[in-house]
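S.K.: need a 3D model of the sequence below.
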Amino acid sequence: MTFTSKAAAPANVPLVWYARCPTLTATGLVANRGVFQREFLRENVRMVSVRETDTPSVRQGHLDHSLSNLIREADAATALWAHGLNGRSRLIALGETWHSVSVVTRPKTPVSNLRDLIGRRLSLPKEAGNFSPAQVRSLRAWDTVLRVSGVSLHDIEFAPVVADHPSVPFGDIARREVEALLGGHTDVAILFGAKGLELARSAHLHEVHRFTADEIRKQPKLAGLVELRAVTADEPFIEANPDVVARILNNLLQAAPWAESFPKEALRHVAIEGKVEEGDAAAAYGAHLADGARLGLEPDRRQKLADLQAWLKTRHLVPDEHDIAAWLRPDILENAQQRSKAPRRIPA
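M.R.: Residues are numbered from 1 along each chain as shown. Here you go, the predicted model:
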């Protein structure tokens, strides 16, 4: 496929949707600084965040990737499920988020270490709809926590916590888990990242154990606590406008070097994205904020994606025949990386 070195005005793409998680993402670091608007300032392209609409079809369409002209940076499990469902998306990059993961319980509950999880009811959120990203994330995390603590699945009980549909903007799943914990419906919960730290403190919960971003990154046995992010784009959108998609991805590739150059600003943006205090964001991400914004398709990232896919297949959340190789579009990343090699000033 041949790419133009100078962008042509894509008159057939007046509207491009983009979506990301409300935590650390390259898209969040880029979008909040008006980078997308500057990129297409003189062209017939308008980039709109999915967050700017409450239309149910748009919300659902970003989740299952049936929304036209969509580029999405969010959890890889949902992206795998969506591609297995309808084959609409193509994977153009992967990112990794390392942030704190806290195992918490009610005050004065006799759970002082991870071995005390035996015989307890563990919180497991379940969002409405055919697929629950929060449930998958919690199950994968509990698998890891139980394994490293030497506790068997036969020794615990999962207690469901009902949550909104995952397409609901800023669905406060963690808050519902805290309410279920304080109300006695569950005994122990897992809270993720800066929002988890904030909620645990405000509810005066007892933190049984905190896995820090640093140890999660360094210890392979904690791989289930890493949040793998997939950057995916709508296939018809790619086929019609590969240059536009590459330009968008090129901007996302600049997020990590920008965060390295302006760490305080990056921390502020991440705190705004997660609706948390900067102190909680700093405690959650530690020194791994810039690296968490880095994107690529290196072999180690692909292997982690394959491991996640295998885990999802054992739970029948993606088809057994699902093939990652057929999902990939590395040419888009290669084109974006070529653009990134050109000297450019990183705006504050």
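
S.K.: mind listing the helices for the stretch 1-150 of the chain?
M.R.: 26-31, 35-39, 56-64, 76-86, 133-149 (DSSP state H, counting those that start in this stretch).

S.K.: helices or strands up against the last one?
M.R.: The criterion is 3 or more Cβ pairs under 8 Å, 6 or more residues apart in numbering; DSSP states H and E, and the helices and strands that helix 133-149 contacts are strand 70-75, helix 76-86, strand 121-127, strand 188-192, helix 299-314. Placement of C-beta: from N, CA and C, glycine included.

S.K.: these into TSV, with extra columns for distance to Leu63 and mean pLDDT?
M.R.: Shown next, in TSV, are these (distance: least, Cβ to Cβ, whole Å; pLDDT from 0 to 100):
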stretch	distance to Leu63	mean pLDDT
strand 70-75	9	96
helix 76-86	7	96
strand 121-127	10	95
strand 188-192	19	97
helix 299-314	16	97
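
S.K.: need those in a markdown table (columns: mean neighbour count).
M.R.: Formatted as a markdown table, the helices and strands packed on helix 133-149 follow (neighbours: other Cβ atoms under 10 Å):
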| stretch | mean neighbour count |
| --- | --- |
| strand 70-75 | 24 |
| helix 76-86 | 22 |
| strand 121-127 | 21 |
| strand 188-192 | 25 |
| helix 299-314 | 15 |
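
S.K.: any idea which of those gets closest to Ala255?
M.R.: Nearest to Ala255, of all these, is strand 70-75, at 9.9 Å by Cβ to Cβ.

S.K.: I'd assumed Glu207 was in a helix, is it?
M.R.: No: checked against DSSP: H, G, I helix; E, B strand; the rest coil, Glu207 lies outside a helix; its state is strand.

S.K.: what about it, how many neighbours?
M.R.: Summarising burial for Glu207: neighbours were counted as other Cβ atoms under 10 Å, giving 14.

S.K.: follow-up on the earlier one: out of the helices and strands packed on helix 133-149, which comes closest to Glu278?
M.R.: Glu278 lies closest to strand 188-192 among those, at 17.8 Å (Cβ to Cβ).

S.K.: centre of the chain to the closest one, how far?
M.R.: Relative to its chain's centre, strand 188-192 lies at 17 Å (Cα atoms, centre = their mean, to the nearest Å).

S.K.: give the other helices and strands that it contacts.
M.R.: Using 3+ Cβ pairs under 8 Å, 6+ apart: strand 188-192 touches strand 101-105, strand 121-127, helix 133-149, helix 173-182, helix 193-202.

S.K.: identify the residues contacting the first one?
M.R.: Read that as strand 101-105. With Cβ atoms under 8 Å, 6 or more residues apart in numbering as the test, strand 101-105 has contacts from 111, 114, 117, 141, 145, 181, 187-193, 196-197, 200, 205-211, 216, 225.

S.K.: dump it to CSV, keeping only the CA atoms.
M.R.: The C-alpha trace of strand 101-105 is given here as CSV (Å, rounded to 0.1, in the frame of the first residue of the first chain):
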residue,chain,number,x,y,z
VAL,A,101,-3.9,-2.5,42.6
SER,A,102,-5.3,-2.5,46.1
VAL,A,103,-7.0,-5.4,47.9
VAL,A,104,-9.3,-3.8,50.5
THR,A,105,-11.8,-4.8,53.1
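
S.K.: how far does it sit from the chain's center?
M.R.: Averaging C-alpha positions (Cα atoms, centre = their mean) puts strand 101-105 20 Å from its chain's average.

S.K.: tell me the buried residues in that strand?
M.R.: Neighbour-count burial for strand 101-105, counted by 16 or more other Cβ atoms under 10 Å, picks out Val101, Ser102, Val103, Val104, Thr105.

S.K.: same check on the longest one?
M.R.: By neighbour count, with 16+ other Cβ under 10 Å as the criterion, the buried positions of helix 133-149 are 133-142, 144-146, 148-149.

S.K.: pull the distance from it to the chain's centre.
M.R.: Counting by Cα atoms, centre = their mean, helix 133-149 comes out at 16 Å from the chain centroid.

S.K.: angle of it against strand 121-127?
M.R.: Angle of helix 133-149 versus strand 121-127, following axes from the mean of the first three to the mean of the last three Cα atoms, to 10 degrees, is 150 degrees.

S.K.: would you mind identifying the next helix or strand past helix 133-149?
M.R.: Per DSSP states H and E, the first helix or strand lying C-terminal to helix 133-149 is strand 157-163.

S.K.: if we can go back for a sec, identify whichever of the helices and strands packed on strand 188-192 lies nearest to Pro160.
M.R.: Judged by Cβ to Cβ, the one of the helices and strands packed on strand 188-192 that comes nearest to Pro160 is strand 121-127, at 5.1 Å.

S.K.: what's the offset of stretch 299-316 from the middle of its chain?
M.R.: Centroid separation for stretch 299-316 versus its chain: 15 Å, with Cα atoms, centre = their mean.

S.K.: what about dumping the CA coordinates of that stretch to PDB?
M.R.: Output in PDB follows, covering the C-alpha atoms of stretch 299-316 (Å, rounded to 0.1, in the frame of the first residue of the first chain):
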ATOM      1  CA  PRO A 299       7.000  -8.900  20.000                       C
ATOM      2  CA  ASP A 300       6.700  -8.700  23.800                       C
ATOM      3  CA  ARG A 301       3.500  -6.700  23.500                       C
ATOM      4  CA  ARG A 302       2.100  -9.100  21.000                       C
ATOM      5  CA  GLN A 303       3.000 -12.000  23.300                       C
ATOM      6  CA  LYS A 304       1.100 -10.400  26.200                       C
ATOM      7  CA  LEU A 305      -1.900  -9.900  23.800                       C
ATOM      8  CA  ALA A 306      -1.700 -13.600  22.900                       C
ATOM      9  CA  ASP A 307      -1.700 -14.600  26.600                       C
ATOM     10  CA  LEU A 308      -4.700 -12.400  27.200                       C
ATOM     11  CA  GLN A 309      -6.500 -14.000  24.100                       C
ATOM     12  CA  ALA A 310      -5.800 -17.500  25.500                       C
ATOM     13  CA  TRP A 311      -7.200 -16.500  28.800                       C
ATOM     14  CA  LEU A 312     -10.300 -15.200  27.200                       C
ATOM     15  CA  LYS A 313     -10.700 -18.300  25.000                       C
ATOM     16  CA  THR A 314     -10.700 -20.500  28.100                       C
ATOM     17  CA  ARG A 315     -13.700 -18.500  29.300                       C
ATOM     18  CA  HIS A 316     -15.400 -18.600  25.800                       C
END
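
S.K.: I am finished for the moment; much appreciated.
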